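Enquirer: only geometry, no sequence info:
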Ligand code: SF4
């Protein structure tokens, strides 16, 4: 039983008690997570939160940093209207290279580069609604089969909504180890960011992925106008689907997208949110992914003082990322190390 309950204000003592409870196998309540989101930046409570998140990380996922990377195999001209995305239908952002499904040689070259950047897994990401049975499924599975032969990085995919269980089964059979499919945001917020498909369709795809036996990578994006209560709702929904990896992105309000008018999230709020994610998902791999450089600027190395244990390296889908060596250096300041040649299950996110 909890010895104390955090509600609107979180103090260092109750945060330390909550931390001990989670380390002992307990769970935070929604009200407690909501209370943690309210900690005052720079206060003793904030310090207790970051210290606690690091303790929980060490207890459940250890101090080995994981890294992963993405390759955009089909970029731009998406049929969907996700309001945060440069590749969406209706987006006027053209500051990135559009492509049809990439030729095999290009995919293999990109895999080599990602491996030399320290990525242990690479995800093939396509900008489209998803995969349907027939010629599209045949094309995708043929490409995955060849990619899976590279032997340097884990072959993962992020191919959108799956039409059927058969699509998931065939993709798994072709060699994909992990399927990335974000919940993106709380179910109560989804219709405000996308109207061409539903949150429930995303959830159905997650069920197909799990039944096919693939690992699941599923997280979302903060800073899209959601309330703090919806951040807690989202974290608990992610906890329910129990992904192997949880990519946590921050909105980068790109010009030409529907959310271009929003301001990037405040840096302290972003760091607090990452720490609270560790309290909500104590034993999951948490990856800080897109938008971190924009939101955190020269404080981006501080991501390691939160509970994250994985970082996306190299470039994102339509924007450039930070030099991988930087992450190794910054992580070391918080006792995290990036092993070379690691083959653990990690996977990229659709940002
Ligand atoms: S997030 Fe994915 S599905 Fe949505 S518009 Fe962008 S590429 Fe298309």
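Expert: Noted; the coordinates are in hand. If you're wondering where the values come from, they're calculated on a predicted model, not measured in any experiment.
Enquirer: please, which helix or strand holds residue 87?
Expert: Assessed by DSSP states H and E, residue 87 sits outside every helix and strand.
Enquirer: what of the one 5 residues further on?
Expert: Element membership for residue 92, per DSSP H and E: none, as it lies in no helix or strand.
Enquirer: wait, it sits on residue 254?
Expert: No: using Cβ atoms under 8 Å, residue 92 makes no contact with residue 254, being 9.8 Å away. All C-beta spots, glycine's among them, are computed from the backbone N, C-alpha and C.
Enquirer: more neighbours: these two, which one.
Expert: residue 254 (19 against 11; other Cβ atoms under 10 Å).
Enquirer: distance of the more buried one relative to residue 291?
Expert: Distance of residue 254 to residue 291, computed by Cβ to Cβ, to the nearest Å: 10 Å.
Enquirer: give me the common contacts of the two.
Expert: Common neighbours of residue 254 and residue 291 (criterion: Cβ atoms under 8 Å, 6 or more residues apart in numbering): none identified.
Enquirer: what ranges do the helices span in the stretch 101-250 of the chain?
Expert: 104-116, 135-147, 165-174, 187-190, 199-211, 228-241 (DSSP state H, counting those that start in this stretch).
Enquirer: format those helices as a markdown table; extra columns: distance to the ligand and mean neighbour count.
Expert: Listed next are the helices of the stretch 101-250 of the chain as a markdown table, based on distance: least, Cβ to the nearest ligand atom, whole Å; neighbours: other Cβ atoms under 10 Å:
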| stretch | distance to the ligand | mean neighbour count |
| --- | --- | --- |
| helix 104-116 | 18 | 16 |
| helix 135-147 | 15 | 17 |
| helix 165-174 | 16 | 19 |
| helix 187-190 | 12 | 18 |
| helix 199-211 | 10 | 18 |
| helix 228-241 | 16 | 19 |
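Enquirer: low-confidence regions, the protein specifically.
Expert: 1-9, 68-75, 93-99, 117-120, 313-324, 339-351 (pLDDT under 70).
Enquirer: per the record, what domains does it have?
Expert: 12-59, 62-332 (automatic domain parsing).
Enquirer: now do the last one: distance to the chain's middle.
Expert: If I follow you right, that is domain 62-332. 5 Å (Cα atoms, centre = their mean, to the nearest Å).
Enquirer: mind checking the end-to-end distance for it?
Expert: 13 Å (Cα to Cα, to the nearest Å).
Enquirer: need the residues of the stretch 151-300 of the chain near the ligand, please.
Expert: Residues of the stretch 151-300 of the chain lying close to the ligand (Cβ under 6 Å from any ligand atom) are residue 160.
Enquirer: in the stretch 151-300 of the chain, what residue lies closest to the ligand?
Expert: Closest to the ligand within the stretch 151-300 of the chain is residue 160: 5.7 Å, counting by Cβ to the nearest ligand atom.
Enquirer: give the contact list for that residue.
Expert: So residue 160 contacts 126, 128-131, 181, 205 (Cβ under 8 Å, 6+ apart).
Enquirer: do that again at 10 Å, thanks
Expert: 78-80, 125-131, 180-181, 197, 201-202, 205, 350 (Cβ atoms under 10 Å, 6 or more residues apart in numbering).
Enquirer: my read is that residue 101 contacts residue 107, right?
Expert: Yes: Residue 101 is within contact range of residue 107, at 9.1 Å (criterion: Cβ atoms under 10 Å).
Enquirer: ok, back up a step: joint contacts of residue 92 and residue 254?
Expert: By Cβ under 10 Å, 6+ apart, the residues touching both residue 92 and residue 254 are 86, 260.
Enquirer: ok, back up a step: I'd like the domains of the chain as a markdown table, with distance to residue 338 appended.
Expert: Below are the domains of the chain laid out as a markdown table (distance: least, Cβ to Cβ, whole Å):
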| stretch | distance to residue 338 |
| --- | --- |
| domain 12-59 | 15 |
| domain 62-332 | 4 |
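Enquirer: residue 260 and residue 127: what is the separation?
Expert: 18 Å.
Enquirer: and if you look at residue 208?
Expert: For residue 208, the distance to residue 127 - Cβ to Cβ - is 20 Å.
Enquirer: same question for residue 178.
Expert: Residue 178 is 19 Å from residue 127, by Cβ to Cβ.
Enquirer: please apply the same query to residue 11.
Expert: 46 Å.
Enquirer: give me the more crowded residue out of the two.
Expert: Of the pair residue 11 and residue 127, residue 127 is the one with more neighbours under other Cβ under 10 Å, namely 24 against 16.
Enquirer: would you agree the more buried one is in contact with residue 76?
Expert: Yes: the criterion here is Cβ under 10 Å, and residue 127 meets it with residue 76 at 6.0 Å.
Enquirer: who are the neighbours in contact with residue 333?
Expert: Residue 333 neighbours (Cβ under 10 Å, 6+ apart): 301-302, 304-305.
Enquirer: most neighbours of all those residues, which one?
Expert: residue 304 (23 neighbours).
Enquirer: still on that earlier bit, can you redo the helices of the stretch 101-250 of the chain as CSV with distance to residue 27?
Expert: Below are the helices of the stretch 101-250 of the chain laid out as CSV (distance: least, Cβ to Cβ, whole Å):
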stretch, distance to residue 27
helix 104-116, 36
helix 135-147, 37
helix 165-174, 30
helix 187-190, 20
helix 199-211, 21
helix 228-241, 9
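Enquirer: which one of those helices lies nearest to residue 219?
Expert: Evaluated over the helices of the stretch 101-250 of the chain, closeness to residue 219 peaks at helix 228-241, with 6.3 Å, by Cβ to Cβ.
Enquirer: thanks again, I'm all set now.
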